[in-house]
Every structure is written in C-alpha cells, then in structure tokens.
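# Structure for the following, please:
(one chain, ligands or ions: 1)
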Amino acid sequence: MRVVVAGAVMVDGRLLLAQRDRPAPVAGLWELPGGKVETGETPVQALVRELREELGVEVAPGAPLTARVPLTADLILVALRAELVTGTPRPLDHRALCWVDGDDLRRLADAGEVVPADTAWLPELCDLLDGGEVNRTGDVHRP
Ligand SMILES: Nc1nc2c([nH]c(=O)n2[C@H]2C[C@H](O)[C@@H](COP(=O)(O)OP(=O)(O)OP(=O)(O)O)O2)c(=O)[nH]1
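Below is the predicted model:
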C-alpha cells in the first residue's frame, strides 16, 4: 500500500491550499500540498521533502488529521498538520496558492473546486479554522 501525504499548514487562522496543474480531471482544483511517500521514507520525511520541492519552504510536521482516504486499491491519502518553519510558500509545482479561512474553504468545496478526496477533511479543517486562533505551531487556542 503506497501512501500520499499532504500537509495542513495553518498560519494566523488560515489554511494553505494549492491549485493542481495536472492531471486533467483534477487540474484547477484545490488540495493540500504533498505527494507520494517514497521507499525508505517515513510520511513525515516525505512531507518535509514534498513541501520543500513544491513550495520552497521548511516545515515541521505534527499531528495527523483523522480521516485516511483510500484513493485506489493500493493508494491511501493521509494528512499531517505542519508548522511553517522558514520561507514563504511559492507555487513551484502548482498553478497557484491561496490562504483560506473556514468560510472560504466551505465556499470552495460547495463550488466543487476542492479535490474530491480532500472533502473528507472538511469538517475537521473547518472546525480547526473556525474554532479559534490557529497559530504558527498549529495549536488551537480556545477562549
Ligand atoms: N498531494 C496531494 N495529492 C492528492 C491530494 N488529494 C488527492 O486525491 N491526491 C492524489 C492526487 C494523486 O493521485 C496523488 C498524489 O499525487 P502527486 O502528484 O501530489 O504525487 P507526487 O508529487 O508524488 O507526484 P508523482 O511523482 O506521482 O507525479 O494523490 C492532496 O490533497 N494532495
């Protein structure tokens, strides 16, 4: 079973989304940036590598999101929260990047502009984004 690992990077209450450039069925849709875990890598190592390659940033991966999404018989999609350590994300492998709050994310999903598999994370992501200040460490502070 191969794993695709994606990163939920949140800064100042907003989540980083990346717009896919390929393949055609999902080109133009928004996802959490990431990619396939290579042989000999842990998901944490793969996420650090992918976000370095795709965004030009260094991240520190943290807690997983709850949903694990089967993509095919031998491919499963997982997501880790990730702290942005250094750099400003740039779309080195995507069409564009954007930062969204909970309302923006729901609007994109309602418009069908989120990669279908990623909608499994919507409740959890919206809860994190709506629930309070999300700081750079990815911790949620509730009043
Ligand atoms: N990175 C990423 N891939 C996702 C997400 N949701 C989703 O269904 N996928 C799918 C699309 C692809 O079938 C697969 C990962 O593709 P990828 O193109 O990001 O992987 P990769 O960087 O390792 O690229 P490649 O070597 O296979 O070309 O997972 C997501 O949120 N992030």
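# quick one, what contacts Val9?
For Val9, the contact set (C-beta atoms under 8 Å, 6 or more residues apart in numbering) comprises 15-16, 33, 51, 59, 81-84, 89. Where you see a C-beta, it was placed from the backbone N, CA and C, and this is true even at glycine.
# right, and out of the residues you listed, which lies closest to the ligand?
Set against the ligand, the nearest of the contacts of Val9 by C-beta to the nearest ligand atom is Pro33 (6.0 Å).
# How many residues are close by the closest one?
When neighbours are defined as other C-beta atoms under 10 Å, Pro33 has 28 of them.
# show me the contacts for it.
With C-beta under 8 Å, 6+ apart, Pro33 has these contacts: 6-7, 9, 16, 18, 50-51, 54-55, 89, 94.
# Longest strand in the protein, please.
strand 75-86 (DSSP state E).
# Identify the neighbouring strands of that one in the sheet and state each direction.
The strands beside strand 75-86 in its sheet (DSSP bridges) come out as strand 2-11 (parallel), strand 58-64 (antiparallel), strand 69-72 (antiparallel).
# about what we covered before: report the two of the contacts of Val9 separated the most.
Arg81 and Pro89 (15.2 Å; C-beta to C-beta).
# Model confidence score at Gly131, please.
We have a pLDDT of 85 for Gly131.
# what residue is smack in the middle of the chain?
For the chain, the residue nearest the mean C-alpha position is Leu32 (2.5 Å; C-alpha atoms, centre = their mean).
# Smallest gap between the protein and the ligand, at which residue?
Gly35 (2.7 Å).
# Hmm, that residue is touching Arg52, no?
No. Gly35 lies out of contact with Arg52 (C-beta atoms under 8 Å); the separation is 11.0 Å.
# more crowded one of the two?
Gly35 (17 against 14).
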